[in-house]
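for reference, the sequence and a predicted model appear below.
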Amino acid sequence: MSIVSLAEGSLPTVTKEELHTAAKARGFSIPVGSQDETDFLLLQNSFDAVASAVAALPEYIDPRLEPTAVEGGERKWSRPSSEENPLNAWSHKTNLKASSPTSKALAGKTLAMKDNVSVAGAPLRLGTAPELFKGGKHAISEIDAIVVKRILEASGTITGTAVCENFSLFPTSVSSETGPVHNAWAAGYMTGGSSSGCASLVSAKDVKEWGEKKGLSFETSALSEEGVDMAIGGDQGGSIRAPASFGGFYGLKPTTGLVPYTGIVSILPMIDSTGPMARSIEDIALLLSVIAGYDGIDPRQTPETPLRQAVPDYTGLLAEWQAAKKEAGEWTASAAAKGLRIGILKEAWEIAGLNTDVAAIVRAAAERFGKLGAEVHEVSVPLHLLGPSIWTVAGREAIPRFFENRASDLLSHPLPGLEPNPTDQTFYDKLVYKNPAVINVVLNAEHMETKFGPSLTRKAHMLVHQLRAEYDKVFEKIDILITPTTPTVAGKHCNYTSVMEIAQKAVGVTLNTSPFNCSGHPGMSMPCGWSETSDGAGKLPVGMQLVAKRWHEMDILKAASAWEVLGKGLDA
């Protein structure tokens, strides 16, 4: 690397002791009193002068992230009372509408943002304790995430931020600092995570409509919750799809890089995704059309990412496809899915912990495509069963760096003002009985570095390419890959008194979802039926995952809409 300048003649700011401490930390020593010591001390002081000059500069925030002007000028936020928050799903409430929107695509739609998404003026809680941040306070967002700006510009109404799991790192709704989030269908049951608040708020409207038509099996607080039409969730291992499965709605993890992640708290760029959560396929298509496309900032986006003007009109294309089907006399119970090739992934039914009833319901739902005229057959990707292990190891060493909001190795736009404290005893004490998964990740990363060094991460990244290639090979013969989204329906909350009681709630939940986070393929969970809870108290929704080729979200939308010609999953 080149050297900017030498600090010869300047007062030293780095001592010899600090130089030797730095060398020791890297596993070597510099001879004391040697010319090497003199030379490296000068180089270290020269670097310190350069670093100090940069440290003295003010932060630069890209103008593309400046807050969108809203009606009324001022953004007002409030923390709802327990009476105003019956599902414990809201973090903060507001009512934001752009003062000068550029389209009316989302006019009349209400939306919640997961509480790891920057919405200017709102506290960025990340589901965790304020003591884990500088000054003992949650940061107040200074920017609008790109997805927030696009939603406001499309006339969407943002009504608040929704609770997420602690550090967005738990697949059920038990770990938030503010307490468990309740499934809208059943008080006292989990709603999936980490986009847990979004899930309850999206499904609340369905619960009310269902209750009015057919009655409800469980007591629920959803009847006093207004809910939202749509939400923006985050998905690093299944955090949109698992809540959609437990909540009986639609949740799409887009192709990695289709929707910009800029302005959202990262866990690991390789697996970060943000996407729509909604009550219908049409609303998934609509919201995806609004938020997708290149933003010029996010390093997750590649030359394959469409420019904004080239983003497919998913809503229009879906309507055109359906219209063509109707014109041909194919929008029927025997031909709606004609032309689609459906693969039932054999290994997805071999995961540990798959409930036999859930397995049968999703299998029947997948085979229903055959009745609708699709070509349906079982396919095999043996590496799928190791996909969760590859996903785990590929990111485990790096994830703790993002707990500290460290910048990515690739040029991105770190979140201004977000300054988590380094891991310490407070970190442990605040998380051990809230989200021990965070502590586990930190310990795993240290173990990996000590036992395996960098070689294991390198190998895992190579295996990610193999996993993607093996899925791609299957997609040469099919359009849609089907799996159960989660191995069970939502489980019940309980009083958690040990690390293992909490950790057990995370075991196996993402076995069929996490592999597609590292392979990059799009996946959507949709409701396909109901199954008995483990305690036998009643039935809750079952989710079916539809996976497509990368950049082929339209295939998912077509298949899901064709499937519903025979009735929606909640009507099963």
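On my side now, so go ahead. Numbers count the residues shown, from 1 in each chain.

return the residues in contact with residue 91.
Contact analysis of residue 91 by Cβ atoms under 8 Å, 6 or more residues apart in numbering lists 79, 115, 122, 123, 125, 160, 161, 162, 163, 164, 178, 197. Backbone N, C-alpha and C define where each C-beta goes, glycine included.

could you redo the last one with a cut-off of 10 Å?
If you count contacts by Cβ atoms under 10 Å, 6 or more residues apart in numbering, residue 91 has them with 77, 79-80, 85, 112-115, 122-127, 138, 160-164, 176, 178, 197.

could you do residue 221 as well?
Residue 221 is in contact with 85-89, 182-184, 186-188, 200, 204, 207, counting by Cβ under 10 Å, 6+ apart.

just the buried residues of the residues you listed.
85, 86, 87, 88, 89, 182, 183, 184, 186, 200, 204, 207 (16 or more other Cβ atoms under 10 Å).

can you name the two of the residues you listed that are farthest apart?
The distance between the two most remote of those (Cβ to Cβ) is 17.3 Å, for 85 and 186.

re the thing from before, including pLDDT, could the buried ones among the contacts of residue 221 go into TSV?
Below are those laid out as TSV (pLDDT from 0 to 100):
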residue	pLDDT
85	97
86	96
87	97
88	98
89	98
182	97
183	97
184	97
186	95
200	98
204	96
207	95
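
if you look at those residues, which of them are in helices?
Among the buried ones among the contacts of residue 221, the members found in helices (DSSP state H) are 200, 204, 207.

tell me which of these is nearest to residue 462?
residue 200 (39.4 Å).

thinking again about what came up before, inside strands: which ones of the contacts of residue 91?
Among those, the members falling in strands (DSSP state E) are 112, 113, 114, 123, 124, 160, 161, 162.

count of residues packed around the third one?
The local packing count at residue 114 equals 31, with neighbours defined by other Cβ atoms under 10 Å.

what bridges to it?
Counting by DSSP bridges, residue 114 forms beta bridges with residue 162.

please export the C-alpha coordinates of stretch 442-462 as CSV.
Extracted in CSV, the C-alpha atoms of stretch 442-462 (Å, rounded to 0.1, in the frame of the first residue of the first chain):
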residue,chain,number,x,y,z
VAL,A,442,-20.1,-14.2,19.1
LEU,A,443,-18.7,-17.3,20.8
ASN,A,444,-19.0,-19.4,17.5
ALA,A,445,-17.0,-16.7,15.7
GLU,A,446,-14.2,-16.8,18.2
HIS,A,447,-14.2,-20.6,18.1
MET,A,448,-14.0,-20.6,14.3
GLU,A,449,-11.1,-18.2,14.3
THR,A,450,-9.2,-20.1,17.0
LYS,A,451,-9.8,-23.6,15.7
PHE,A,452,-10.0,-23.2,12.0
GLY,A,453,-8.6,-19.8,11.1
PRO,A,454,-9.8,-18.2,7.9
SER,A,455,-9.8,-21.4,5.9
LEU,A,456,-13.2,-22.6,7.0
THR,A,457,-14.9,-19.4,5.9
ARG,A,458,-13.2,-19.6,2.5
LYS,A,459,-14.3,-23.1,2.0
ALA,A,460,-17.9,-22.3,3.0
HIS,A,461,-18.0,-19.4,0.5
MET,A,462,-16.9,-21.8,-2.2
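
could you shift the numbering so residue one becomes 59, and keep it that way?
Let's use 59 as the start, then, which means that last one is stretch 500-520.

got a list of contacts for the least confident helix or strand in the chain by mean pLDDT?
Using mean pLDDT, DSSP states H and E, helix 457-461 stands out as the lowest-scoring helix or strand of the chain, at a mean of 89. With contact meaning Cβ under 10 Å, 6+ apart, helix 457-461 is reached by 184, 186, 190, 225, 227, 294, 323-327, 329-330, 450, 453, 464-467, 478-481, 485, 496, 499-504.

just checking, next helix/strand downstream of that helix?
Once the chain leaves helix 457-461, the next helix or strand it forms, by DSSP states H and E, is helix 483-489.

what packs against that following helix?
In terms of contacts (3 or more Cβ pairs under 10 Å, 6 or more residues apart in numbering; DSSP states H and E), helix 483-489 is packed against helix 494-509.

sorry, back to before: buried ones only from the contacts of residue 149, please, as a ChimeraX command.
Burial among the contacts of residue 149 is assessed by 16+ other Cβ under 10 Å; the matching ChimeraX selection reads:
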select :135,143,170,171,172,173,180,181,182,183,184,185,196,218,219,220,221,222,234,236,255
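
hang on, the earlier thing: turn the buried ones among the contacts of residue 279 into CSV, including distance to residue 338.
Listed next are the buried ones among the contacts of residue 279 as CSV, based on distance: Cβ to Cβ, whole Å:
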residue, distance to residue 338
143, 25
144, 24
145, 21
146, 25
147, 20
240, 23
241, 20
242, 16
244, 22
258, 17
262, 15
265, 15
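
re earlier: quick one: buried residues of the least confident helix or strand of the chain?
Result for helix 457-461 [16+ other Cβ under 10 Å]: buried residues 457, 458, 460, 461.

what about the third one, distance to residue 497?
Separation of residue 460 from residue 497 (Cβ to Cβ, to the nearest Å): 15 Å.

and for the last one?
Distance of residue 461 to residue 497, computed by Cβ to Cβ: 11 Å.

greatest separation within the contacts of residue 279: which pair is it?
Among the contacts of residue 279, 143 and 244 lie farthest apart (Cβ to Cβ), at 17.3 Å.

so which residues of the stretch 259-408 of the chain form strands?
288-292, 308-311, 332-336, 399-403 (DSSP state E, counting those that start in this stretch).

which of the ones you listed sits most buried?
Greatest average neighbour count among the strands of the stretch 259-408 of the chain goes to strand 308-311 (a mean of 32), per mean count of other Cβ atoms under 10 Å.

check the burial of the closest residue to residue 364 other than its chain neighbours by counting its neighbours.
Counting by Cβ to Cβ, 6 or more residues apart in numbering, residue 364 lies nearest to residue 351, which is 5.6 Å off, once chain neighbours are set aside. Neighbourhood size, residue 351 [other Cβ under 10 Å]: 20.

same check, this time on the one 5 residues further on
The number of residues packed near residue 356 is 24, by other Cβ under 10 Å.

could you double-check that it sits in contact with residue 319?
Yes: the pair formed by residue 356 and residue 319 meets the contact definition of Cβ atoms under 10 Å, at 5.4 Å.

which residues touch residue 91?
residue 74.

can you check the pLDDT for it?
What the model reports for residue 91 is a pLDDT of 97.

now it: how far from residue 293?
Residue 91 is 56 Å from residue 293, where distance means Cβ to Cβ.

for the helix or strand containing residue 436, packing partners?
Assigned by DSSP H and E, residue 436 belongs to strand 433-437. If contacts are counted by 3+ Cβ pairs under 10 Å, 6+ apart, strand 433-437 sits against strand 399-403, helix 414-429, strand 538-542.

could you check the angle helix 494-509 makes with the strand or helix carrying residue 449?
Element membership for residue 449 (DSSP H and E) is helix 445-454. Between helix 445-454 and helix 494-509, the angle comes out at 70 degrees (axes from the mean of the first three to the mean of the last three Cα atoms, to 10 degrees).

in helix 445-454, what's buried?
Of all the residues in helix 445-454, those buried under the rule 16+ other Cβ under 10 Å are 445, 446, 448, 449, 450, 451, 452, 453, 454.

nearest to residue 590 among these?
Closest approach to residue 590 among the buried residues of helix 445-454 (Cβ to Cβ): residue 446, at 25.9 Å.

surely the closest one meets residue 577?
No: checked against Cβ under 10 Å, the pair residue 446 and residue 577 is beyond contact range at 11.8 Å.

make CSV from the ones in strands among the contacts of residue 149 and add pLDDT and distance to residue 152 to it.
Converted to CSV, the ones in strands among the contacts of residue 149 look like this (pLDDT from 0 to 100; distance: Cβ to Cβ, whole Å):
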residue, pLDDT, distance to residue 152
170, 99, 10
171, 99, 10
172, 99, 15
181, 97, 11
182, 97, 14
218, 99, 6
219, 99, 8
220, 99, 12
